[in-house]
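> no sequence on this one, just coordinates:
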């Protein structure tokens, strides 16, 4: 098949959706399909590994706040027209749009694609924003057309269905399990004679919960002198994190900064405990399945995106979000019970097989087949504002 993977997000920046598209595209191409990624890209080279997959770029992006993070998307009218023309000319067998509600690049593809069209919904948000209510009215007036809909998790499905009602197939994000499970170099910052707590995430985004990891660490560091907190991720800590470190004398927290995709597995594999204190707005637990692949015991916030991929007491412990005391209690339990840490690691490694890209790609291709057999639906006719 000739398949177009459409991304609203700039491929000059690495993000969960971009990595998902790149990995899925490489897997599909390895099976003999002709795959093209259509996306904005501010620089000449993408920030994610696309292998030898064809990348068609559509200019620059604009950063906008989205779900507690920054989304870099295109608003160029010229590039939207280029996209429409390309879809008409190429006549792909499948057009697969990721985040099809995201203006304007993805919306253009979902409205004007002449081919069988699939949308994958990645986003999740606990709240109800005015912007989403606006889009609900627009979507219900014919601004979008999809022949099939995928959600990456049950929380993402419920969120999308709130504004764009229909039938959704839940197909999770995939992972290169072997990359995270095969032993790699040990980062020099991790010490064999210490109890290493590892946090992975953008440290300048409050929803990643760094402040709660710092708070929990401060409650235990004097009781356990060999306890260490290693923070992996780009950005500068927010004001609240700096306040906690200053008031509680946390001058020994190790900030590694961003690491390469090749280095990242080593941090998971050599952590004694992985901390995921995120506060919400996570549609899927990417960092959870990465830690599971590395056979690392997990302490995670009990939020819908994480609960969709792990079970409390099986792959790790789940605690109420924003509760540093509960995180500290869970850390203490795992410090005192090394056998439990080992069991969580074993169970996590077994559970993560569900997310291998080979299995996920099988499900995606099966869904493509179902969509192509359906009665075709003409491109949407927008009824106006």
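Ah, there it is. No experiment lies behind these values; they were computed from the predicted model shown. Numbering: from 1, shown residues only.

> Please list all residues in contact with residue 262.
Neighbour list for residue 262: residue 184 [criterion: Cβ atoms under 8 Å, 6 or more residues apart in numbering]. No exception for glycine: its C-beta is placed from N, CA and C like everyone else's.

> Let me know the secondary structure of it.
coil (DSSP: H, G, I helix; E, B strand; the rest coil).

> can you start the count at 5 instead of 1 from here on
Noted, 5 is the first residue going forward, which turns the last one into residue 266.

> Okay, buried residues for stretch 353-366 please.
Across stretch 353-366, burial judged by 16 or more other Cβ atoms under 10 Å covers 353, 355-356, 359-361, 364-365.

> So residue 271 sits against residue 264, correct?
No - Residue 271 is beyond contact range of residue 264, at 11.1 Å (criterion: Cβ atoms under 8 Å).

> More neighbours: the two, which one.
Neighbours per residue, other Cβ atoms under 10 Å: of residue 271 and residue 264, the larger number sits with residue 271, 26 against 6.

> Need the three-state assignment for that one.
Here residue 271 is helix, with the state taken from three-state DSSP.

> Am I right that residue 160 sits in a strand?
No - using three-state DSSP, the assignment for residue 160 is helix, not a strand.

> Could you tell me which residues make contact with the closest residue to residue 30 other than its chain neighbours?
Take residue 30 and drop its neighbours on the chain: the residue closest to it by Cβ to Cβ, 6 or more residues apart in numbering is residue 55, 4.6 Å away. Neighbour list for residue 55: 26, 29-30, 33 [criterion: Cβ under 8 Å, 6+ apart].

> likewise residue 297?
179, 181, 183-185, 272, 352-353, 356.

> Same question for residue 98.
Going by Cβ under 8 Å, 6+ apart, residue 98 touches 5-8, 119-122, 372, 375-376.

> for this protein, what spans make up the helices?
With DSSP state H applied, the chain shows helices at 20-34, 81-94, 109-116, 134-143, 158-167, 181-185, 214-224, 243-251, 268-273, 290-297, 308-311, 328-340, 342-355, 361-377, listed in chain order.

> which residues touch the last one?
Contacts made with helix 361-377 from outside it, assessed by Cβ under 8 Å, 6+ apart, are listed as 5, 7, 27-28, 31-32, 35, 97-98, 100, 120-122, 151-152, 154, 173, 175-180, 357.

> Just want the angle from it to helix 20-34.
Angle of helix 361-377 versus helix 20-34, following axes from the mean of the first three to the mean of the last three Cα atoms, to 10 degrees, is 80 degrees.

> Give the rounded mean pLDDT of helix 361-377.
Helix 361-377 shows a mean pLDDT of 97.

> how far out from the middle of the chain is it?
Computed by Cα atoms, centre = their mean, to the nearest Å, the chain-centroid distance of helix 361-377 equals 20 Å.

> Distance across stretch 5-19, terminal residue to terminal residue?
Start-to-end span of stretch 5-19 (Cα to Cα, to the nearest Å) is 27 Å.

> Would you mark the buried spots in it?
5, 7-19.

> Distance from the chain centre to it, please.
Distance, stretch centre to chain centre, for stretch 5-19: 14 Å (Cα atoms, centre = their mean).

> Tell me the confidence at residue 106?
Looking at residue 106, its pLDDT stands at 84.

> try residue 19
For residue 19, pLDDT reads 85.

> wait, what's in contact with the nearest residue to it once chain neighbours are set aside?
Leaving aside its sequence neighbours, residue 19 sits nearest to residue 13 (Cβ to Cβ, 6+ apart; 5.8 Å). Going by Cβ under 8 Å, 6+ apart, residue 13 touches 19, 21-22, 43-44, 65, 75-77, 102-103, 106.

> Can you give the domain ranges for this structure?
Domain segmentation of the chain under automatic domain parsing yields 6-178+361-377, 181-358.

> Just give me the closest of the contacts of residue 98 to residue 233.
The nearest member of these to residue 233, counting by Cβ to Cβ, is residue 122 at 41.9 Å.

> Who does the closest one form a beta bridge with?
With DSSP bridges applied, residue 122 shows beta-bridge pairing to residue 100, residue 152.

> The nearest residue to residue 58 once chain neighbours are set aside and residue 117, how far apart?
Excluding its sequence neighbours, the residue lying closest to residue 58 (Cβ to Cβ, 6+ apart) is residue 40, at 4.4 Å. For residue 40, the distance to residue 117 equals 13 Å [Cβ to Cβ, to the nearest Å].

> more neighbours, the two?
Per other Cβ under 10 Å, whichever of residue 40 and residue 117 has more neighbours is residue 117, with 27 against 20.

> Please report the distance of the more buried one from residue 223.
Per Cβ to Cβ, residue 117 is found 53 Å from residue 223.

> Count residues in the vicinity of the nearest residue to residue 353 once chain neighbours are set aside, would you?
Counting by Cβ to Cβ, 6+ apart, residue 353 lies nearest to residue 299, which is 4.5 Å off, once chain neighbours are set aside. A count of nearby residues for residue 299, using other Cβ under 10 Å, gives 21.

> thought residue 299 was touching residue 345?
No - taking contacts as Cβ under 8 Å, residue 299 lies outside contact range of residue 345: 10.0 Å.

> any idea how far the residue nearest to residue 353 is from residue 121?
Relative to residue 121, residue 299 is positioned 39 Å away (Cβ to Cβ).

> now swap in residue 173 and tell me
Going from residue 173 to residue 121 by Cβ to Cβ gives 14 Å.

> residues touching residue 339, list them.
For residue 339, the contact set (Cβ under 8 Å, 6+ apart) comprises 199, 228, 231, 277.

> Touching, residue 12 and residue 103? I think so.
Yes - with contact defined as Cβ under 8 Å, residue 12 counts as touching residue 103 (5.3 Å).
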